[in-house]
Structures are given as structure tokens and as C-alpha cells.
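> Sequence first, predicted model second:
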Amino acid sequence: MTLPMVVPAQDLPARVRIHEVGARDGLQNEKSVVPTEVKAEFVHRLAAAGLTTVEATSFVHPKWVPQLADAEQLFPMLGDLSDVALPVLVPNERGLDRALALGAHRIAVFASATESFAKANLNRTVDESLAMFEPVVARAKADRAHVRGYLSMCFGDPWEGAVPVQQVVRVAKALMDMGCDELSLGDTIGVATPAHVQTLLAELNEEGVPTSAIGVHFHDTYGQALSNTLAALQHGVSTVDASAGGLGGCPYAKSATGNLATEDLVWMLQGLGIDTGVDLGLLTATSVWMADQLGRPSPSRTVRALSHQES
Ligand code: HMG
Ligand code: MG
């Protein structure tokens, strides 16, 4: 298999933790509902490829995201993956009850920097959704669960256009003050560019949010996800969200397409000499297999190049 020549760069993290979101962000946006057994095999194959954090599913309202309505069936099928972190999305206390009842110990709440997306995604204003998360985070922490706080629309919003940096920082700080262990900055519709990313990161640092607590979550709508990732790495970020094969989107954000493809990310990181623990061959084979299940080729350039998949 072709691999990139390793040419390390100065001043980048030695290791990057990939937060794999294909089974959640990817599959939540599929028109067809993927059978639970296929999802379970997908997560197992991702883990076998060396991914140590594999977001498994969401405990949201099944009518809002029918694609993930089988969370209760799926999560117990992953019980053998004791070495893998399996975070799940939880919007409210009802979701937390469902997740904790199954023994989940990594959860993620998901806020929005904009009012329009808060309404579309959570049926709440931004502040109402923060109030909804507060007891979720408090109870999760009391249960010693790890809590991730997603923040969507950090760089632009399909209804509101450009999103001021200070507006993003306010909600980010609220999530951190609530007790979130980490923050994932979402470019939900893929409109960010590298200096915008670095400006937001610098502003967050200025306001007391350390880079070590920040992950980046880029969708690749305009082909900027990898450039934006490199900009974040240059700032010191070492947690990067990606989705195997570039699956993904968000059913409640028009124009949200797939996430940064994990294979494209691993190719770049491997070339930079940055350790991820991921076996690119096994991962690519997984995405080719998943593309077969979904009946269409992966949008990832690396998957296509390595597997000679036709578009
Ligand atoms: P709502 O309609 O306002 O719900 O939805 P409610 O609080 O009024 O409750 C209504 C009924 O739903 C009640 O039942 C609740 O018990 C039930 P009733 O008493 O009428 O019989 N209910 C639930 N049932 C099961 N599980 C639950 C749950 N909650 C309430 N968790 C709600 C509010 C938050 C539930 C809804 O808006 C929702 O589920 N939204 C989820 C949307 C979603 O999952 N979006 C995709 C994930 S976000 C994303 O993709 C972005 C990200 O990738 C980052 C990025 O790219 O930017 C993370
Ligand atoms: Mg997303």
C-alpha cells in the first residue's frame, strides 16, 4: 500500500488523538437506517484499526434522529471494547438516564453558538439549551463520567451567516464553566478557513480556555477541513474529530456535508510524523466495507486512492 514519505514539521504535537465520529455523525445523516449489527461491526472494525475514541451513538429523541433510534440495542453490543472510549451524545436528563442505565461513562452535550441552530437542533434558545445541559453535566460529573461539550456553528451558520467570535466564546465559556472536560469546536457547515480557526483558538485562550481542553470538528463542505486542522495543530490542538470515509453531516443543518475523513487526516499526520496509533490499511478497508453497506463510494480522497474505488 502507498504511504506518505515522513517529513516531520517543527512545533506540532507529537501525538494526535482522533475522536472518530463516523458511527454517530456519519450514520445520523444517512437516508437509510443502517442495521444495528452493521453499526456494531463498524465500531468494532474502527477499534481494530487502532482508533481509541469511537463515538458510538446518540441518546436523543428517536423521532428527531430515527437513524440512531437503536442506541439501547447497539450500546450493549460494544461491551467487549473495554479499551476503547465510547462517547455518546446526550441532550438532556432523559438522554442521560438512558445512557447511564447502560453503563456509558463518556457523554457529550451539544450546544450551538447561534440561536437559529439551537432552535432547529434542540428546540430551545441558546440559553435554554445551556440550562438544559446544566443538570446533565452536573449529574454526569457526579457519576464520574467524562463530559465533552460540542459547540456547533462556530464559524458560520446557514441561516445567520458569519458568526462573531465573541458570540462563540460566550457559549464555549458557559460549557467549560458548567464542568465540561473538553470542548469540541464544530464547523458544522464547513465554512471555516485557517486564520479564522487560529483567531478563535487565540480568543478562547485569552478567555481562559486552554488549548489542551479543545478539540476541532471540521466538516469538509468547501474542502477546507484538512487546512483548518493543520492550522489548529499549529496552534497546539491535539484532539481532532474525523469520520471514517468522510461519512456525515447533520440532519438539522442545511448544507452540512461529511466530516473530515479520518483516512485523509491519518495520511497527513503520518506524513508529518505524528503518531495516531491508526492502521491506515485496516481503516481504509473498513470504509470500503461501509461504503458497500451504504451502496455508494466513500467521498474520502485517500480511501479512493488507496482502494482504487470508482466514483
Ligand atoms: P423536544 O421536542 O423539545 O423534547 O426535543 P421535550 O423535552 O419537550 O420532550 C418531549 C418528549 O420527548 C417527552 O416525552 C420526553 O420524554 C421525550 P412525553 O413526555 O411527551 O412522552 N424525550 C426523549 N425521549 C428519548 N430520549 C431523549 C428524550 N428527550 C425528550 N433524550 C430534544 C428536545 C433535545 C429531545 C430534541 O430536540 C432532540 O432530540 N434533538 C437532537 C437533535 C440531534 O441529535 N442532532 C444531531 C446531533 S448535533 C450535531 O450533529 C452537531 C455536531 O456534530 C457538531 C457539529 O458538527 O457542529 C455534534
Ligand atoms: Mg458534526
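Good, I have the coordinates. Ligands and ions are numbered 1, 2, ... in the order given.
> which stretches of the stretch 51-200 of the chain form strands?
53-54, 57-58, 88-89, 106-112, 146-152, 182-187 (DSSP state E, counting those that start in this stretch).
> Please state the offset of the fifth one from the chain centre?
Distance, stretch centre to chain centre, for strand 146-152: 10 Å (C-alpha atoms, centre = their mean, to the nearest Å).
> Run through the neighbouring helices and strands of that strand.
Using 3 or more C-beta pairs under 8 Å, 6 or more residues apart in numbering; DSSP states H and E as the contact test, the elements touching strand 146-152 are strand 106-112, helix 126-142, helix 165-178, strand 182-187. For every residue, glycine as well, the C-beta is placed using N, CA and C.
> Run me through the strand neighbours of that strand, direction for each.
Strand pairing for strand 146-152, determined by DSSP bridges: strand 106-112 (parallel), strand 182-187 (parallel).
> Would you mind naming what in the chain lies close to ligand 1?
Residues of the chain lying close to ligand 1 by C-beta under 6 Å from any ligand atom are 25, 28, 58-61, 64-65, 89, 91-92, 94-95, 98, 110, 121-123, 150, 152, 186, 188, 217, 219, 250, 252.
> Where does this protein get nearest to ligand 1, residue-wise?
Using C-beta to the nearest ligand atom, the closest approach of the chain to ligand 1 is made by residue 186 at 2.4 Å.
> Please give me every residue in contact with that residue.
150-154, 217, 219 (C-beta atoms under 8 Å, 6 or more residues apart in numbering).
> Could you report the distance from it to residue 92?
To residue 92, residue 186 is 19 Å away according to C-beta to C-beta, to the nearest Å.
> ok, now residue 276?
Residue 276 sits 33 Å away from residue 92, going by C-beta to C-beta.
> and residue 30, how many neighbours does it have?
Residues within reach of residue 30, counting by other C-beta atoms under 10 Å, total 15.
> Check the nearest residue to residue 70 once chain neighbours are set aside and give its pLDDT.
Closest residue to residue 70 apart from its sequence neighbours, by C-beta to C-beta, 6 or more residues apart in numbering: residue 36 at 4.6 Å. Predicted confidence (pLDDT) for residue 36: 98.
> Surely residue 36 and residue 77 touch.
Yes - Residue 36 lies in contact with residue 77 (C-beta atoms under 8 Å); the separation is 7.1 Å.
> quick one on the thing from earlier: for the strands of the stretch 51-200 of the chain, which one ends up most surrounded?
Among the strands of the stretch 51-200 of the chain, strand 57-58 has the highest mean neighbour count (mean count of other C-beta atoms under 10 Å), at a mean of 27.
> helices and strands around that one, which ones?
helix 71-74, strand 88-89.
> got these as a markdown table, with mean pLDDT columns?
Shown next, in a markdown table, are the helices and strands packed on strand 57-58 (pLDDT from 0 to 100):
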| stretch | mean pLDDT |
| --- | --- |
| helix 71-74 | 98 |
| strand 88-89 | 98 |
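> Same list, those, but as a markdown table with distance to residue 41 please.
Converted to a markdown table, these look like this (distance: least, C-beta to C-beta, whole Å):
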| stretch | distance to residue 41 |
| --- | --- |
| helix 71-74 | 11 |
| strand 88-89 | 18 |
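> Now intersect the residues of the chain next to ligand 1 with the helices, please.
If you go by DSSP state H, the residues of the chain next to ligand 1 have 94-95, 98, 121-122 in helices.
> buried subset of these?
By neighbour count, with 16 or more other C-beta atoms under 10 Å, these hold 95, 98, 121-122 as buried.
> quick one on the thing from earlier: higher neighbour count, residue 276 and residue 92?
Just comparing residue 276 and residue 92: by other C-beta under 10 Å the higher neighbour count belongs to residue 276, 21 against 18.
> check contacts around that one.
Shown in contact with residue 276 (C-beta under 8 Å, 6+ apart): 15-18, 50, 266, 269-270.
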